[in-house]
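Asker: sequence unknown, structure follows:
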């Protein structure tokens, strides 16, 4: 079901294009007719393109990625800022800082500097400075907040760009094309739709037209973020159950004194029982060694038998001398 219809777009003035003499021939497929020197946009194609862009933005929001909203023209900046804040997305409504995408690390340094100044103001370091230094830092902080305050939470390159008025934001479109970042844009009859990935043919000068299309796209973004939150809430109890079941199933063994740890799947519980058998067999060898020294004393016991016979001979000799 389409997110909008022909009558809503017609009431908002989305069908009004630019003067015929200012048109871009590449926008011819999206032009319905010419009336009183003004081109009329085909709203049937606009409805289809809005649905296509809304689905893309919903998918990006569901995946948790950021979409950068860009609109620096006077009649669009306030509308874009409010819409981007409502869905917690970064936006640029002041001057586009050159190299914001292609030189993103330098832009991040400026944002970190702004955070450093905020930290100085909270921890009391700011009060120790001289009056002139405090005035300079305050002005610098205000300038950084004006240009980069809306992208302070953008820690990496955005997943997509949404642009209002492609001609005015040509620098942003060129940087996105160079980095292969998809661009979703409201394109009027005077603009070139070639570098745009998702073209929304519409009147980009009327505040009512910009507000209507932005509300439709922001609704899609909020749907994606809400679905992501619900899925995370469902996954959290499942993860807790799976970890508790795993702990119950896994057996435990003691490796140290009073320090049980779960056994791995490749270990067998029989292995610890066989280990003490080896030290019990080792004492069998030293028990046999004393048997050999018990036989050695047998030889010295026989030696005293020989000296006992020697005194027998001298006893007979005196008897012969007496005769």
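Answerer: Received the coordinates, thanks. None of these values were measured; they are calculated from a predicted model. Residues are numbered from 1 along each chain as shown.

Asker: Low-confidence ranges, the stretch 1-150 of the chain, go.
Answerer: Scanning the stretch 1-150 of the chain for pLDDT under 70 picks out 1.

Asker: try 90
Answerer: 1-13, 15-24, 32-37, 75, 94-95, 97-99, 115, 118, 120-129, 144-150 (pLDDT under 90).

Asker: Kindly report the same for the stretch 201-323 of the chain.
Answerer: 204-205, 231-323.

Asker: run the last query once more with 80
Answerer: 236-323 (pLDDT under 80).

Asker: just checking, what packs against the longest helix seen in the chain?
Answerer: Of all segments of type helix in the chain, defined using DSSP state H, the longest is helix 207-249. If you count contacts as 3 or more C-beta pairs under 8 Å, 6 or more residues apart in numbering; DSSP states H and E, helix 207-249 packs onto helix 6-12, helix 43-62, helix 74-86, strand 183-187. In this view, the C-beta of every residue, glycine as well, is placed from N, C-alpha and C.

Asker: among these, which is nearest residue 177?
Answerer: Residue 177 lies closest, by C-beta to C-beta, to one member of the helices and strands packed on helix 207-249: strand 183-187, at 7.1 Å.

Asker: what is the mean pLDDT for that closest one?
Answerer: Across strand 183-187, pLDDT averages out at 94.

Asker: helix or strand right after it?
Answerer: Note on strand 183-187: by DSSP states H and E, the next helix or strand toward the C-terminus is strand 198-201.

Asker: Measure how far that next one is from the centre of its chain, please.
Answerer: Chain-centre distance of strand 198-201: 30 Å, with C-alpha atoms, centre = their mean, to the nearest Å.

Asker: in its sheet, what does that strand sit against?
Answerer: strand 183-187 (parallel) (DSSP bridges).

Asker: what angle sits between the strand it pairs with and helix 43-62?
Answerer: Orientation check (axes from the mean of the first three to the mean of the last three C-alpha atoms, to 10 degrees): strand 183-187 against helix 43-62 gives 150 degrees.

Asker: List of residues touching strand 183-187?
Answerer: 27, 30, 53, 56-57, 160-166, 173, 176-177, 193, 195-202, 204, 210, 213, 217 (C-beta atoms under 8 Å, 6 or more residues apart in numbering).

Asker: so how far is that strand off the chain centroid?
Answerer: 28 Å.

Asker: Same question for stretch 202-216.
Answerer: 33 Å.

Asker: Could you list the domains of the protein?
Answerer: 6-96+157-230, 102-155 (automatic domain parsing).

Asker: And these: which comes nearest residue 237?
Answerer: domain 6-96+157-230 (12.6 Å).

Asker: quick one: terminal-to-terminal distance for that closest one?
Answerer: End-to-end distance of domain 6-96+157-230: 33 Å, with C-alpha to C-alpha, to the nearest Å as the criterion.

Asker: returning to that earlier point: can you select the buried ones from the contacts of strand 183-187 in ChimeraX?
Answerer: Buried subset of the contacts of strand 183-187, written as a ChimeraX selection, criterion 16 or more other C-beta atoms under 10 Å:
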select :27,30,53,56,57,160,161,162,163,164,165,166,173,176,177,193,196,197,198,199,200,201,202,204,210,213,217
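
Asker: on that earlier part again, got the angle for the longest helix of the chain vs helix 74-86?
Answerer: Relative orientation of helix 207-249 and helix 74-86, computed by the same axes, to 10 degrees: 20 degrees.

Asker: Report the distance from helix 207-249 to the chain centre.
Answerer: With C-alpha atoms, centre = their mean, you get 16 Å for helix 207-249.

Asker: what residues are up against the nearest residue to residue 228 once chain neighbours are set aside?
Answerer: Nearest residue to residue 228, sequence neighbours excluded (C-beta to C-beta, 6 or more residues apart in numbering): residue 62, at 5.2 Å. Residue 62 sits next to 224, 225, 227, 228 when contact means C-beta under 8 Å, 6+ apart.

Asker: Could you do residue 235 as well?
Answerer: By C-beta under 8 Å, 6+ apart, residue 235 has no neighbours at all.

Asker: Scan the contacts of residue 62 and report the most crowded one.
Answerer: residue 224 (21 neighbours; other C-beta atoms under 10 Å).

Asker: Thanks again, I'm all set now.
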